[in-house]
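**Student:** Got a predicted model here, sequence first, then my questions.
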Amino acid sequence: MAEQPPARLTSAMLVGALRRRVAAVGGFATILVKGDDISGVILVQTLEKGQETGLFERVSNFSGGHALMRCGPDPEEGAQAMVPYIERRRRSDPDLWVIELDIPEAERLAAETIC
């Protein structure tokens, strides 16, 4: 009998868990772009007190798990630099999710929750 592959959490479940976890510790999580519920790629835009701190993509680590990888423009370029980058990504992948987190240590919290 063939072994079944392990069950995977959907993108919608992962984003929902991340939103709840951020809210539970007093932060703000906003879905900027809703992607495919099942398998959409997840981008996490991180802020702290309204200041851009980075954009991260959930990617496979090729050992059965996932990691967050920095992507997009440098946070020093500001929010105006993120808009064209996200628009380009959406044109090439309409299933893409974009979630904004405004909380200290947003990258760590996101990695612990969705990776």
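**Tutor:** Looks like it arrived, so ask away. Numbering: from 1, shown residues only.

**Student:** what's the spacing between the nearest residue to Gly27 once chain neighbours are set aside and Ala79?
**Tutor:** Of all residues beyond its chain neighbours, the one nearest Gly27 is Ile103 (2.7 Å), with distances taken as Cβ to Cβ, 6 or more residues apart in numbering. Bear in mind the C-beta positions are built from the backbone N, C-alpha and C, glycine included. According to Cβ to Cβ, to the nearest Å, Ile103 and Ala79 sit 17 Å apart.

**Student:** Show me which of the two is the more surrounded one.
**Tutor:** Here Ile103 and Ala79 are compared on neighbour count by other Cβ atoms under 10 Å; more neighbours surround Ile103, at 20 against 14.

**Student:** Tell me who's in contact with that one.
**Tutor:** Residues in contact with Ile103 (Cβ atoms under 8 Å, 6 or more residues apart in numbering) are 22, 25-29, 48, 109.

**Student:** what would those look like in CSV with distance to Glu3?
**Tutor:** Formatted as CSV, the entries for the contacts of Ile103 read as follows, by distance: Cβ to Cβ, whole Å:
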residue, distance to Glu3
Val22, 36
Val25, 38
Gly26, 42
Gly27, 39
Phe28, 42
Ala29, 36
Glu48, 44
Leu109, 33
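
**Student:** Go through those residues and name the one with the lowest pLDDT.
**Tutor:** On pLDDT alone, Glu48 ranks lowest of those, at 92.
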